[in-house]
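Peer 1: just to be clear, the model below is a prediction. Sequence and coordinates:
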Amino acid sequence: MADSARAAKLAQRIKVIVAEGLRRRVKDPRVEGVTVTDARVTNDLQHATVYYTVLGDDTAQADAKVGLEKARGVLRQEVGKNVTVRLTPTLEFVADEIPVNAGHLEDLIRTAKARDAEVAAIAQGATFAGDADPYKKDDDGAEADDDGAQTQEK
């Protein structure tokens, strides 16, 4: 069983090898817009998950998924040539959800800013419901506590 630091190093190496392999060896036009974003390797170094994004619409993403599945053997062969592990890990390709999540977060931030602007507009002409200074003070400037004891104001 390998340690997680070695698995992380191997994952970064696999990420680079797969990206280079897509650029150099795979001639499928369906994978031209693919960007490898991350790779994860299990601690036993047997399985690698490669995360990718695709520029384009849903059909381009579906085509890229098919193209990557078709090129899996060539890319695994490239990984086997370029890493020094006893067994070449199997490759699994997963579409990265980071762009979708980032878009969702941007929508939430935009909504929060709009609500903040509404609250600021409402508060612009607002006045206090009671006194401007709700803390009761004696004539000598000391605040009165709930138990009646007086404290000196600083």
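Peer 2: Sure, I can see it. Numbering: from 1, shown residues only.
Peer 1: what stretches of this structure score poorly on pLDDT?
Peer 2: Scanning the chain for pLDDT under 70 picks out 1-2, 132, 139-154.
Peer 1: and the strands in it?
Peer 2: 34-41, 47-54, 90-95, 143-144, 150-151 (DSSP state E).
Peer 1: and residue 137, how many residues sit next to it?
Peer 2: 12 (other C-beta atoms under 10 Å). For glycine as for every other residue, the C-beta is placed from the backbone atoms N, C-alpha and C.
Peer 1: go on, residue 55?
Peer 2: Neighbour tally, residue 55, other C-beta under 10 Å: 12.
Peer 1: check contacts around the residue nearest to it when sequence neighbours are not counted.
Peer 2: Excluding its sequence neighbours, the residue lying closest to residue 55 (C-beta to C-beta, 6 or more residues apart in numbering) is residue 33, at 4.2 Å. Residue 33 makes contact with 54, 55, 56, 60, 64, according to C-beta atoms under 8 Å, 6 or more residues apart in numbering.
Peer 1: contacts only, for the residue nearest the centre of the chain.
Peer 2: The residue lying closest to the centre of the chain (C-alpha atoms, centre = their mean) is residue 98, at 5.1 Å. By C-beta under 8 Å, 6+ apart, residue 98 lies in contact with 37, 53.
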